[in-house]
Structures are given as structure tokens and as C-alpha cells.
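In: let's see this in three dimensions:
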Amino acid sequence: MIQHHASCLCGAVQITVSGDLPDGIACHCSMCRKVTGHHEAGVDVAKTRVQIAGADSITWYDSSPKVRRGFCRICGASLFFDPPHLDWIGISLGAFDGPTGTRLAKHIFVADKGDYYDIADGLPQEMTPPEQ
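Out: Modelled structure (predicted):
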């Protein structure tokens, strides 16, 4: 079975995802922009397909009543978007080592995007995503 490997900048957190990665989503909401410094691009993967080594180096921040975000406590890398009440976890595409075999499929929360860039890739744009 194919595996994809990801990590934080310092390598303290190592992530392995079994199987193909789904299409990615670019989120332009104000929280994702503040967390990443631009917009966030990630893939949502079933939690049963994800293994994490170095979980003791992850700091979790409750960014809303339904979502927490995971960061490496050493290097500060933004790695996870986790709605604990659901069976999937979002993993930042930029954390993957090597080819991902996936592409972005759409942009969400485009009403909140920064005024300093345009979205010109022709992908679908949603003002808000479906409820989580």
C-alpha cells in the first residue's frame, strides 16, 4: 500500500498517511490566514489512515468550539486542522515530503481572502464551506 510521509520543519513530528491522498482544499478564512501567514492548503484524511510519531511535540490550540489546530511545539509548524467530533483530520499539504500525487480541487472562504492576492487558477470558489 502506498504511504505518504510528512513532517514539521524540525522533524520532531513525523506523519504517515496510508493510501492515496484526496484532493486538497485551499482555505482563505481569516483564521487560516493568520495561522499560516497566507492561506492554508490541506487534505482531509480519515484518522484511521494516519500515524503520528512525536505526538508529544504537538501543541493543540482550540481555535473554535468545534476545531483544534495542531502545531509542532518546537519549530511552530502548522500541521493539523482537527475537528475531534469527526472521523477525519486535515493535514497541511506543505508538510508532505516529496510528491503528494494530488492537486487542489477548490477554494473555500474566499469572501475572507486577503486583498493582496488574486485567485486565478480556475478552480471552484466557495464563499463558505459545508458545515463541519
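In: quick check, residue 33 in a helix?
Out: Yes - under DSSP: H, G, I helix; E, B strand; the rest coil, residue 33 sits within a helix.
In: so for it, what's the pLDDT?
Out: At residue 33, the model reports a pLDDT of 93.
In: if I read this right, it contacts residue 112, doesn't it?
Out: Yes - at 7.3 Å, residue 33 counts as touching residue 112 under the criterion of CB atoms under 8 Å. C-beta coordinates here come from the backbone N, C-alpha and C atoms, glycine included.
In: per-residue pLDDT, residue 127?
Out: What the model reports as pLDDT for residue 127 is 89.
In: what does the least confident helix or strand in the chain by mean pLDDT rub up against?
Out: Every helix and strand of the chain was ranked by mean pLDDT, DSSP states H and E. The lowest is helix 30-36, at a mean of 92. The contact list for helix 30-36, computed with CB atoms under 8 Å, 6 or more residues apart in numbering, reads 39-40, 63-64, 69, 78, 92, 109, 112-114.
In: list the contacts of the closest residue to residue 54 other than its chain neighbours.
Out: Spatially, and ignoring its direct neighbours in sequence, residue 54 is nearest to residue 13 (4.4 Å; CB to CB, 6 or more residues apart in numbering). By CB under 8 Å, 6+ apart, the contact set of residue 13 is 7, 52-55, 57-58, 72, 77, 79.
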